[in-house]
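Colleague: I need the structure of the sequence given here:
(chains A and B)
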Amino acid sequence: MLDINFIRNNPDKVKQAIALKHENAASIDQLLEVDTQRRSMIHACEQLKSKRNEKSKEVRELKKKGQDASKIIEETKKIGDDIKSIEEKQKELDSQITNLMLRIPNIPAADVPIGKDEKDNVIVRAWGQRKTFDFTPLPHWELGSILNILDPERASKISGAGFILLKGLGAKLERALFSFMLDVHTSEHGYTELFPPFLVNRTSMTGTGQLPKLEEDMYRTAADDLFLVPTAEVPVTNMHRDEILSYKDLPIYYTAYSPCFRREAGSYGKDTRGIIRVHQFNKVELVKLVKPETSYDELESLLGNAAKILQLLGLEYRVAKLSTGDMSFAAAKCYDIEVWAPGLNKFLEVSSCSNFEDFQARRTNIRFRDEDGKLRFVHTLNGSGLALPRTVIALLETYQQKDGSVIIPDVLQHYMSGIKVIAK
RNA sequence: GGAGAGGUGGCUGAGCGGCUGAAAGCGACGGUUUGCUAAACCGUUGUGGAGACAAAAUCUCUACCCCGGGUUCGAAUCCCGGCCUCUCCGCCA
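Modeller: Residues are numbered from 1 along each chain as shown, chains lettered A, B, ... in the order given. Purely as a prediction, here's the structure:
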């Protein structure tokens, strides 16, 4: 959420930013109007409260002297009634404001390309050489079928469309990959590994910005009002909710594996083939809590940490700086890492690295005391490091051979109990 | 799932209707002392909101003793609901 003070002082800037993210800018005028009303109400209410406190003191004094206080008590009772009625109205305005505030997106950083959608994203760098084949590379689902490591029919029998069932070395490859990623991030990039809960409460989901806007995209357990995590970002960022950290604690780097659950409502018909877009997938997440003045440098290094995985795996990728129109609700700046999938003949998004500045910190109330003893909001960042299914796709399709077998990259062989190739 | 106990400031812990934004201790910070360290002594030490101010500093008011309601002139304190923690019993991978 944004700072209400900032919105008051820069309504036009905020409206402009909102329009760039395709959100409704009219809510700003509404917000400011309600905000003005609310403030005058607070003022009136506090004056009454002050009066009441004084009168109560008088009652106390009179009673102490054994004198009659019934007249003042009568008066004060009336003040109390007035306070109650103002408070009721004020509460209504409070909830209106909270509601509006939670739906205002973050403001894009100055160097974010202005644009409508993903077509306006800017490719900022590319890594790796395009792999050439002396045969036509197959898409991963055909490789999965040939190697008997993917069982889409039974996955949908068990759970429905959009679920993955891995078998044998396919399952092992999955496990190898996230172990490998966690090891790289902990031992080479300085992240602390976490294993968080995969069910979280409503407050946590609101803190990181999934709620209220995206509730229909989330899986929810009705009996307990808990949500299946759509990414480890949610439990990990919420770890420090309502905490005050010391500047000495920062920066904090966390990495966590989690399955990710997404209903993908509204994306029916897109990427239905194979395992490109599914309701449950594994991911290793990177989360940083940092001092504001360092957050953009931290974003670059986070991006580098995620990309390192693809470099180690020898997979071609490119990095896109997202345009204002393609960025998520909470992000101020975001890079996507896209990996090349030869069988599909296209790039697939495997990571989204974002700086949220203080947007999430404000919602989650994560602050730190700086060198001067002042309380400030931290900046939060996160990125996938990486999402598994699409990494698996790229890996299978890139390292496939003519007979359908797949070579395991050197760095993974250790995690695959020394297996060098997945063959029929 | 059943029975009980409890949630107070950075921490420990008192208070159980008004003089309590909160005793005491610890910690932290500043100062005096000191060759250095330690000790001792003195002082400071919460957060949100509204208003005053062009702004910062500052000041005034207001709220906050897990959260939300209620009783009362007045609530950390009494009542109701919720959440969480602990102990015992049961069940269970």
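
Colleague: residue contacts, A:Leu412?
Modeller: Applying Cβ atoms under 8 Å, 6 or more residues apart in numbering, we find A:Leu412 in contact with A:Leu173, A:Ala176, A:Leu177, A:Phe180, A:Leu313. The way it works is simple: take the backbone N, C-alpha and C, and place the C-beta from them, glycine included.

Colleague: sec struct for it, please.
Modeller: Classification of A:Leu412 using DSSP: H, G, I helix; E, B strand; the rest coil returns helix.

Colleague: In contact with A:Gln37, which residues?
Modeller: Per Cβ under 8 Å, 6+ apart, neighbours of A:Gln37: A:Leu93.

Colleague: likewise A:His140?
Modeller: The contact partners of A:His140, by Cβ under 8 Å, 6+ apart, come to A:Leu150, A:Gly274, A:Ile275, A:Ala341, A:Gly343, A:Leu344, A:Val392, A:Ile393, A:Leu396, A:Glu397.

Colleague: and if we set it to 10 Å?
Modeller: Residues in contact with A:His140, defined by Cβ atoms under 10 Å, 6 or more residues apart in numbering, are A:149-150, A:273-276, A:341-344, A:389-390, A:392-397, A:400, A:406.

Colleague: For A:Asn365, see how far away whichever residue of the stretch 251-400 of chain A sits closest to RNA strand B is.
Modeller: Residue nearest to RNA strand B within the stretch 251-400 of chain A: A:Leu375 (4.9 Å; Cβ to the nearest atom of the strand). Applying Cβ to Cβ, to the nearest Å, the value for A:Leu375 to A:Asn365 is 11 Å.

Colleague: more crowded one of these two?
Modeller: The residue with more neighbours, out of A:Leu375 and A:Asn365, is A:Asn365; 13 against 9, by other Cβ atoms under 10 Å.

Colleague: The more buried one against A:Asp242, yeah?
Modeller: Yes. Between A:Asn365 and A:Asp242 there is a contact under Cβ atoms under 10 Å: 4.9 Å.

Colleague: Quick check: neighbours shared by these two?
Modeller: Shared contacts of A:Asn365 and A:Asp242, counting by Cβ under 10 Å, 6+ apart, come down to A:Gly207.

Colleague: The closest residue to A:Phe359 other than its chain neighbours: what secondary structure?
Modeller: Excluding its sequence neighbours, the residue lying closest to A:Phe359 (Cβ to Cβ, 6 or more residues apart in numbering) is A:Asn106, at 4.2 Å. Of the three states, A:Asn106 takes coil according to three-state DSSP.

Colleague: Next one: A:Asn106, what pLDDT does it get?
Modeller: On pLDDT, A:Asn106 comes in at 95.

Colleague: Now do the helix or strand that contains A:Pro259: which elements does it pack against?
Modeller: If you go by DSSP states H and E, A:Pro259 is part of strand A:252-261. Counting contacts by 3 or more Cβ pairs under 10 Å, 6 or more residues apart in numbering; DSSP states H and E, strand A:252-261 is packed against helix A:168-187, strand A:192-194, strand A:226-228, helix A:233-238, strand A:280-290, helix A:295-313, strand A:379-387, helix A:388-398.

Colleague: will you turn these into a markdown table that also has distance to A:Glu118, mean neighbour count and mean pLDDT?
Modeller: Listed next are those as a markdown table, based on distance: least, Cβ to Cβ, whole Å; neighbours: other Cβ atoms under 10 Å; pLDDT from 0 to 100:
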| stretch | distance to A:Glu118 | mean neighbour count | mean pLDDT |
| --- | --- | --- | --- |
| helix A:168-187 | 25 | 18 | 98 |
| strand A:192-194 | 31 | 14 | 96 |
| strand A:226-228 | 27 | 20 | 93 |
| helix A:233-238 | 21 | 26 | 95 |
| strand A:280-290 | 20 | 25 | 97 |
| helix A:295-313 | 18 | 20 | 98 |
| strand A:379-387 | 17 | 28 | 97 |
| helix A:388-398 | 16 | 26 | 98 |
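
Colleague: I'd like to know how far A:Lys167 sits from A:Val287.
Modeller: 32 Å.

Colleague: so A:Gly385 sits right up against A:Ser301, yeah?
Modeller: No. Assessed by Cβ under 10 Å, A:Gly385 is found out of contact with A:Ser301, at 11.8 Å.

Colleague: who touches both of those two?
Modeller: Common neighbours of A:Gly385 and A:Ser301 (Cβ under 10 Å, 6+ apart) are A:His189, A:Cys353.

Colleague: what's the closest of the contacts of A:Leu412 to A:Ser328?
Modeller: A:Leu177 (24.7 Å; Cβ to Cβ).
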